[in-house]
Each structure stands twice: as structure tokens, then as C-alpha cells.
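[1] Got a sequence here, can you build the structure:
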Amino acid sequence: MKIAFCIENFINTRGGAEQYVHDLSRRLADNGHEVHIFTMNSRDFGQDNPRIHILRCGPLPRFLKVFSFALRCRQAVRGGKFDMIHSFGRSWGMDIFQPLGGSQMAGLIGNIRSINNPFNRGLKAITYLFSLRKLAYFYIERIQMKEAKIVIAISAMVKLHLLEYTRLKEEKVRIVRNGVDLNRFHPRNREEFREGCRKQLGLAGDEVMVIFVAHNFRLKGLQTLIRALAELEKRNPGHPFRVAVLGNGKSKKYSALARRLGVKDKLFFIGADEDTPRFYSAADISVHPSYYDPSALVVLEAMASGLPVITTGYCGTSEIIQEGREGYVVPTPSAIAVLTDRIQQLNDPELRRRMGEAARRRAEDFPYSRNMREILEIYDQYIGSSAG
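    Residues are numbered from 1 along each chain as shown. Alright, predicted model coming up:
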């Protein structure tokens, strides 16, 4: 099958969406499919399959650049004689649309919700209202919902939001959940990496490492986690929990917050590092108190690594977690007392062990192979219906 992928940035270190498209394209290529990727930016060059096509959109303002990319994608794929055109970003001319960032409106609401100060929250809402870039995003999304023959939602939450905030017809939607590399993210990594990684991070033997993995610290709820850490300190001074932050973000702002709340020594920043399995091996708990996440791949990776997880109802991955078995789902990031309770409960090593084993078993229901198989089934259904 000759397949075209359209995504604005094909750089797998940018986040979960880009990593997903990167991995899916490689697996499809390894399974004999011819994959072409149309993008503005990539670090992968000189490959025959997947083949990268860079679409130059010029030195334009950002709101015009998104229009330029959408139009250039439509033009580029039109003459390629592709069996399937699959868009993951803001492009036009696709057969299948898979919005890995979820609904534009739901994402905007999540961003506003994540701002703690009411004045700043209102100011941000006004800024969004008059943002040409945001208006461009909504316009492009509206065209995509009309053009796409099938829309793939990566969680039931995303499906609900798309139906609620766009004019999408329900019969167009298919749910395909993310998959995870069950070999790369595995509890056995503890045997190889745990001791050395914890030593590198300066963790004492009895300290409980909570890992937070994200690039957008505000949206993914780092402030909430720091406040829960401070609440733990009030309840139990000298508690064993330490929070390791893996990813790029404005660390100074959050270090200052931790200092004001008296937990600066309980928080440390690792920075961006692609060797996430090693850090999962050093951790004891994964916490992802997100204000909006269509389907957090990092939660699934932590589960595959054998970690109990805590996330919120605003995260699509929460749908596969049974409360108290693989971890906990806190209703909202603002429920800091509940989040604190859940972290405190996981001070029990035996509970962590049981939950971690259950998390791994649940993650095994979502291998990469399942995700790719379901994607290919949708391709076949679409091609079959088009031929008929």
C-alpha cells in the first residue's frame, strides 16, 4: 500500500504525537508499505522508506503558515497516486484524519483551565478570542471535518469532544487507542538500570521517586503536583517522596514555586532525555495530573514499565485505568487533597508492587501491533467502500 502521512513537524523528540507518527511510519514501512511523509520540519533525511518530503512554507506569520501548509499538503498529495492519505495535523486533502491533539476547542479550554490566576485566565481567554492563529486552527479543523471520510479519535473523550465542538457526524468516527512498545518499556529494565540511575539522580534507598514526564509543564499539571508535594510535607514532614521532572519546560518558574512552598529539595529537573525507559526504571510512581491530554502516551509507557499511575479525568488514557487496580484517576487537577491522598497511599511498597504488575498487564492489551492492525483495518474498509 502506498501511504501519505501529513504532519506539520516530524520530529519525534517534540512530544507524544510526533513520536507516535514516527513509530507508526517505521512499522508500516517495516511491514512492506511505502510511506511518504509530508511535513514542514524533520530531522530524518536520506531515507527511501519512509520518504520525507519537506514543504517549504516561507517566512510567513504563524497564522498564514498554517494555511500555507494545509494548502501545500493538498497540492503535494494530489498527484502522488496514494492508496491512502492520512493526516495527523493541520492539512487538507486527506482521506483519514487523526487529530492527535484532540479537539481544538477542548484543548483551548484545557489551556485556559490550567491558568491558576483568575485575572490571567480571563486575559488568556481574551487573547485566544482575538488570536489570528487560533482562528486559523478552528477554520482548518472545520474544513478537515468536512473533507475526511473517516476521523480517528484516540480516546472516547476525544470522540465526545469532536462530536460536541465540531459538526462531525458520529458515523464518521472510529476509536483507535495508542499503542506502546512493550519491549522497550518493560519492568525488566529495573534489573539493568534502576540502581545506576537512582545513584546518578542522588536518590537514597528509601526515597520514593515520583516521575512526571511532559514538555508543557503548565498544561500537564506540574503546579498541581508541586502543591500536592507541599501538602504531603505539611501532613508528614520529612516524607520519602521526591519528584523527578523529565522534559523541557520553564523550570525556573516551578523551582520558584517549590521554594515558596518549602519543597524545593523534594523536586528536581532532569531535562529532556530520550532514554525514558531508564528513568522509568528508577521511578516508583508515575503522576500525570493533566488539564487536557487526548491520550497520554507517557501514562501508557509508565504502565508498560510496571509503574502504578495517577492521572486525571481530563486525560484520555484514564479510560483504561480501573480505580485502585492499575492506579488512580483524580477527577480534576484542582482536587489537590485527593491527589495528595493517592500519592500518600502509594507509600506502601506492597501496594505499589501489586498496582505496578496490574498496570503492566493492562498495558499489554495495547501493543504497537494492535494499533497498527486497527489502522490498517480502517484503511482496508475505506478502500473497499471506495472501490464499491
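[2] contacts, neighbours, all on C-alpha from now
    OK.
[3] Tell me how far Arg62 lies from Lys134.
    10 Å (Cα to Cα, to the nearest Å).
[4] again but with Glu192, I slipped
    46 Å.
[5] higher neighbour count, those two?
    Taking other Cα atoms under 10 Å, Glu192 and Lys134 do not tie; Lys134 has more neighbours (18 against 12).
[6] Run through the neighbouring helices and strands of the helix or strand harbouring that one.
    Lys134 is part of helix 132-147, with elements assigned from DSSP states H and E. Helices and strands touching helix 132-147, as assessed by 3 or more Cα pairs under 8 Å, 6 or more residues apart in numbering; DSSP states H and E, comprise helix 62-78, helix 104-113.
[7] mean pLDDT for those: which is lowest?
    For those, mean pLDDT drops lowest on helix 62-78, to a mean of 92.
[8] Only C-alpha atoms, please: export that helix in PDB.
    Backbone C-alpha positions of helix 62-78 (Å, rounded to 0.1, in the frame of the first residue of the first chain) are rendered in PDB as follows:
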ATOM      1  CA  ARG A  62       2.300  31.800  12.100                       C
ATOM      2  CA  PHE A  63      -1.400  32.100  11.200                       C
ATOM      3  CA  LEU A  64      -0.600  32.300   7.500                       C
ATOM      4  CA  LYS A  65       2.000  29.500   7.700                       C
ATOM      5  CA  VAL A  66      -0.700  27.000   8.900                       C
ATOM      6  CA  PHE A  67      -2.800  27.900   5.900                       C
ATOM      7  CA  SER A  68       0.200  27.600   3.600                       C
ATOM      8  CA  PHE A  69       1.000  24.100   5.000                       C
ATOM      9  CA  ALA A  70      -2.600  23.000   4.600                       C
ATOM     10  CA  LEU A  71      -2.800  24.100   1.000                       C
ATOM     11  CA  ARG A  72       0.600  22.800   0.100                       C
ATOM     12  CA  CYS A  73      -0.200  19.400   1.500                       C
ATOM     13  CA  ARG A  74      -3.400  19.200  -0.600                       C
ATOM     14  CA  GLN A  75      -1.400  20.100  -3.700                       C
ATOM     15  CA  ALA A  76       1.500  17.800  -2.900                       C
ATOM     16  CA  VAL A  77      -0.600  14.600  -2.300                       C
ATOM     17  CA  ARG A  78      -3.000  15.200  -5.200                       C
END
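[9] Outside of that helix itself, which residues are in contact with it?
    Applying Cα atoms under 8 Å, 6 or more residues apart in numbering, the set of residues contacting helix 62-78 from outside is 4, 6, 8, 38, 40, 55, 57-59, 85, 90-94, 132-134, 136-137, 140.
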